[in-house]
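> build me a structure from this.
(one chain, ligands or ions: 1)
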Amino acid sequence: MNLEQQDPHSLLPKEWEDLCVGWGLPAYRGRQIFQWLHQKDATSFLEMTVLPEELRRKLESSIPVFEMQLAKKQRSTKDETTKFLFRLRDGQCIESVLMRYEYGYSLCISSQVGCRMGCRFCASTLGGLVRNLTAGEMVQQVYAASKEASVRISHVVVMGCGEPFDNYDALLRFFSLMREEKGRGLSLRNITVSTCGLPHRIREFADCHVGVTLAVSLHAADDELRRQLMPGAARFSLDELLDACQYYTKETGRRVTFEYALIKGCNDGRDDAVRLVQRLRGMLAHVNLIPVNPVEERGLARSSPQRVREFAKVLEMGRIPVTIRREMGADIDGACGQLRNRYARA
Ligand code: SF4
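Numbering: from 1, shown residues only. Purely as a prediction, here's the structure:
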């Protein structure tokens, strides 16, 4: 393992143990290091007073800890949603959004800097993909937001900037880090991953039986409209995508949540709703309707509340379970990627 290239927060307990054993130290030193990074929020190896001084210095010089910096914070005046802009080791910035629900606090995290999928309604993709995040940078969003807001985060949604399945290995490592008992010990049932729909990855993910909730962004019930709205994802047909979702349910026994962002005059007609019912009939599925957050660079507007209700009604009549997502943080650059873009332009 090339230590200099590693992000200390990305290493699992077993990897720390192996490193310590390789240095002639007992394996338990590795578990101590992991615990200090992930449970005690150590910002430097020098703080780890349980370790011998020589080891602390060796770690600090070879694989220094970088604490994510808060670049900006916006708090909604309408609800308790808080948007954080964090600066990374290389100066790049990413967004995380903290939301309060009846069941506790949920954090929406980013998986990439930028995104290459090109969805028309999304601000994250305007500058393309800059780079993947490490698993350590993904967990650190949870730790940093929790510290900034002084709250315990009980749920995590991987739905911020980036396509998580485009950063697949880091995503799986992120799940392993989050569930570690010597870390935050978060139940995987409390984690949702949202993809724009890459069928081969959905099948691979099903085979892993990870146990998190899968959400798939659909946003259109026919291939032509989906190609216009989501050119990256629509390289795959809806048939391929929905087959993969059925495979996921067959393998895991879990239902898939389909996200559908309603855009005025674009995908919110009665015919669109009827097509959606026809597509999803017979699947173990649930539809989450999202009144889209306006992105001024794209000229897209949100459907009226009445249109949203009518759309939902068609789904209910077709016996497709549906919820309308509560609008959160619209007064704080609510759409993913907006805060990062504004900050970059300032
Ligand atoms: S919606 Fe998600 S997948 Fe699509 S461009 Fe934005 S970040 Fe990427």
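
> so the residue nearest the centre of the chain bridges to which residues?
For the chain, residue 158 is the residue whose C-alpha lies nearest the centre (CA atoms, centre = their mean; 1.4 Å). Bridge pairing for residue 158 (DSSP bridges) gives the partners residue 109, residue 193.

> mind listing what it touches?
Neighbouring residues of residue 158 by CB atoms under 8 Å, 6 or more residues apart in numbering: 108-109, 111, 138, 164, 171, 174, 191-194. In short, each C-beta sits where N, CA and C put it, glycine included.

> is the ligand contacted by the longest strand seen in the chain?
Looking across the chain with DSSP state E, the single longest strand is strand 93-101. No - if you take CB under 6 Å from any ligand atom as the test, strand 93-101 misses the ligand, and the best it gets is 10.4 Å.

> export that strand as CSV, just CAs?
The C-alpha coordinates for strand 93-101 follow below in CSV (Å, rounded to 0.1, in the frame of the first residue of the first chain):
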residue,chain,number,x,y,z
CYS,A,93,-15.6,22.3,-2.9
ILE,A,94,-18.6,20.0,-2.4
GLU,A,95,-22.1,20.4,-0.9
SER,A,96,-23.8,18.5,1.8
VAL,A,97,-27.4,19.2,3.0
LEU,A,98,-28.7,18.6,6.5
MET,A,99,-32.4,18.1,6.9
ARG,A,100,-34.5,17.6,10.0
TYR,A,101,-37.3,15.0,9.9
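
> avg pLDDT for the helix or strand containing residue 73?
Taking DSSP states H and E as the definition, one finds residue 73 inside strand 69-75. The average pLDDT within strand 69-75 is 95.

> after that strand, next one along is what?
strand 82-87.

> okay, the angle between that next one and strand 93-101?
Put simply, strand 82-87 runs at 160 degrees to strand 93-101, going by axes from the mean of the first three to the mean of the last three CA atoms, to 10 degrees.

> just for this protein, where's the confidence low?
1-5, 295-298, 327-346 (pLDDT under 70).

> can you add neighbour count and give the contacts of residue 158 back as TSV?
Shown next, in TSV, are the contacts of residue 158 (neighbours: other CB atoms under 10 Å):
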residue	neighbour count
108	25
109	29
111	29
138	31
164	26
171	25
174	28
191	21
192	17
193	21
194	22
